[in-house]
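S.K.: model this:
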Amino acid sequence: MTIHGEHPFLPPESERSPVRRLRGRLPSPVSLWTSSYDGKRAGLTVSSMLVADGDPGVVIGLIDPDSDLWETLREARTAVVSLLGAPHQQLADAFGYVAPAPGGPFRMIEWTDTEWGPAPVGVSTWAGCRLADADPPEVGWALQVQLEIAHVELLPDEIPPLIHRRGRYTVL
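M.R.: Numbering: from 1, shown residues only. Model (predicted):
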């Protein structure tokens with residue numbers, strides 16, 4: 001077994017999409033979207049997202065249409081969007097399907113069941129949301145999923161946020 005210093009499946013720089021490279025140079029928040037339906041839990045690490053204020057406020061994210069999260073979210077019509085911090089890098093990798101998680105990523109930490117889905121214990125910020133449209137538009141490779149924010153939890157102990165830029169994590 002050989003340990004590589006960089007991602008073993010990363011194509012050479014000359015073969016990478018210039019649009020993806022542009023997006024990769026933007027610092028993005030690392031969030032975890034989770035949902036549950038009929039006893040099944042699903043989650044996905046999402047960094048292509050934004051939050052818009054309003055009545056109601058909304059979270060818009062790009063979600064893989066083939067992901068377990070989308071299948072579960074479409075049925076449940078609710079989700080928890082959690083902002084991950086510095087201590088959650090392994091959790092982000094597990095839910096991003098780039099690191100192993102023996103027994104599944106939901107076994108890595110404790111969870112609180114909410115009316116919107118499972119919320120990870122130990123994050124400083126999460127929102128309970130409702131799916132705005134069960135048939136969202138396609139944007140490039142993804143679905144542009146819009147969630148209406150129904151509830152926000154802001155804990156007083158702020159954890160430094162985890163940021164994704166150029167394929168790597170950093171802390172703000």
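S.K.: What are the phi and psi values at Arg25?
M.R.: phi -90, psi -10 (degrees, to the nearest 10).
S.K.: Look up the pLDDT of it for me, please.
M.R.: What the model reports for Arg25 is a pLDDT of 73.
S.K.: buried set for the top helix by length along the chain?
M.R.: Ordering each helix of the chain by length in residues (DSSP state H) puts helix 68-76 first. Judged by neighbour count using 16 or more other Cβ atoms under 10 Å, the buried positions of helix 68-76 are 69-70, 72-76. Placement of C-beta: from N, CA and C, glycine included.
S.K.: Against which helices or strands is it packed?
M.R.: When contacts are defined as 3 or more Cβ pairs under 8 Å, 6 or more residues apart in numbering; DSSP states H and E, helix 68-76 packs onto strand 31-37, strand 40-46, strand 58-63, strand 125-131, strand 142-154.
S.K.: what's the offset of the helix or strand just after it from the middle of its chain?
M.R.: Note on helix 68-76: by DSSP states H and E, the next helix or strand toward the C-terminus is strand 78-83. Strand 78-83 has its C-alpha centroid displaced from the chain centroid by 8 Å (Cα atoms, centre = their mean, to the nearest Å).
S.K.: then the following helix or strand past strand 78-83 to CSV, C-alphas only?
M.R.: Counting by DSSP H and E, the next helix or strand C-terminal to strand 78-83 is helix 89-95. Presented in CSV, the C-alpha positions along helix 89-95 are these (Å, rounded to 0.1, in the frame of the first residue of the first chain):
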residue,chain,number,x,y,z
GLN,A,89,-13.3,17.3,8.8
GLN,A,90,-13.5,13.5,9.0
LEU,A,91,-17.3,13.8,9.2
ALA,A,92,-17.3,15.9,6.0
ASP,A,93,-15.1,13.4,4.2
ALA,A,94,-17.2,10.5,5.3
PHE,A,95,-20.5,12.1,4.1
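S.K.: now helix 89-95: mean pLDDT?
M.R.: The average pLDDT within helix 89-95 is 95.
S.K.: By mean pLDDT, point me to the weakest helix or strand of this structure.
M.R.: In the chain, no helix or strand scores lower on mean pLDDT, DSSP states H and E than helix 18-24, which sits at a mean of 74.
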